[in-house]
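Visitor: 3D, please:
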Amino acid sequence: MGECNRAVVMSVFSFDYGQLGKRNGAKRDEKKLHRTLSKLGFKVEVHNDLSSQEIYELFLQESVRPVKDCFLAVLSSHGTEGCVFGADGKPVLLSRIFRCFDNDYMEKKTKVFLIQACRGQALDDGLEVDSATDSTESSCFSQYSSVPVDTAVMYTTAPGYGAFMSPSGSIFLQTFCSLLEDEGHQNLELTRLMTRLAHRIAYTFQAKGQEFEGKKEMPCLVTRLTREVFPFAKSGKDSGATGMSAT
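Guide: The predicted model follows:
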């Protein structure tokens, strides 16, 4: 059997210390991601409740493993801007994870990262706001500089904002899988697919409950793709990509 596209789902459900609560719904996300991506020809591996050091080691190993056209990584945990937390409660710097994939093994391969984690504590009311503060802009540029060429990173939410998780799973990852279950979306170019994902979450999701009633979630895409890619298309569509993306 030849090389195939690969997906790694790194999910933290419970933490060693009480400050970070259990993430009910994370296991439902795992199951749906595994089922959906496997049907699309990805070899999927799921890793649960790893420590911060184990997460670094996992992605360092994954960055030098063979892959056909596309490597997809899902990091699902508690987080704040620029990092997610391991099961030991220690931060995992996303920039360090991204830099692992800036190597000869992954050159010209499409890398996709889905980050299901908070990026701060603010809650989105769904209103138009002024541009971000200088500190937020500085953080964004710092993370962008660590993203390798031919990589797309889709965050659950904008810098500084919280992400939602319920016992039925996260709206971000559940919606991502639902889109891919539709053949019409499977054949979309990656940036168009992510735009559909952001649109569906922004316009159809609204939190419930006394504390979060009416709050929204707006995913955020960072891309350094240099060409059009179709990582989820069925055979017959060139996933290596013909045509240049706009710059």
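
Visitor: which residues in this structure form helices?
Guide: 26-39, 52-62, 94-100, 134-146, 171-180, 183-186, 190-204 (DSSP state H).

Visitor: what's the spacing between stretch 220-232 and its chain's center?
Guide: Relative to the centre of its chain, stretch 220-232 is centred 13 Å away, using CA atoms, centre = their mean, to the nearest Å.

Visitor: whoops, stretch 54-62 was the one
Guide: 16 Å.

Visitor: Can you point out the buried residues in that stretch?
Guide: Counting neighbours by 16 or more other CB atoms under 10 Å, one finds that the buried residues in stretch 54-62 are 55-56, 58-59, 62. In short, each C-beta sits where N, CA and C put it, glycine included.

Visitor: Report the central residue of this protein.
Guide: Leu114 (0.6 Å; CA atoms, centre = their mean).

Visitor: Skip the chain neighbours and tell me the closest residue to it.
Guide: Leaving aside its chain neighbours, Leu114 sits nearest to Val74 (4.7 Å; criterion: CB to CB, 6 or more residues apart in numbering).

Visitor: Touching, that neighbour and Gln116? I think so.
Guide: Yes: the criterion here is CB atoms under 8 Å, and Val74 meets it with Gln116 at 6.8 Å.

Visitor: so what sits against both of the two?
Guide: Leu173 (CB atoms under 8 Å, 6 or more residues apart in numbering).

Visitor: what about the strands in the chain?
Guide: According to DSSP state E, the chain carries its strands in the segments 6-11, 43-48, 70-76, 79-80, 83-85, 91-93, 110-116, 151-155, 220-223.

Visitor: among these, which gets the worst mean confidence?
Guide: Lowest mean pLDDT of those: strand 79-80, a mean of 90.

Visitor: In this protein, where is pLDDT below threshold?
Guide: 1-2, 18, 121-143, 205-216, 235-247 (pLDDT under 70).
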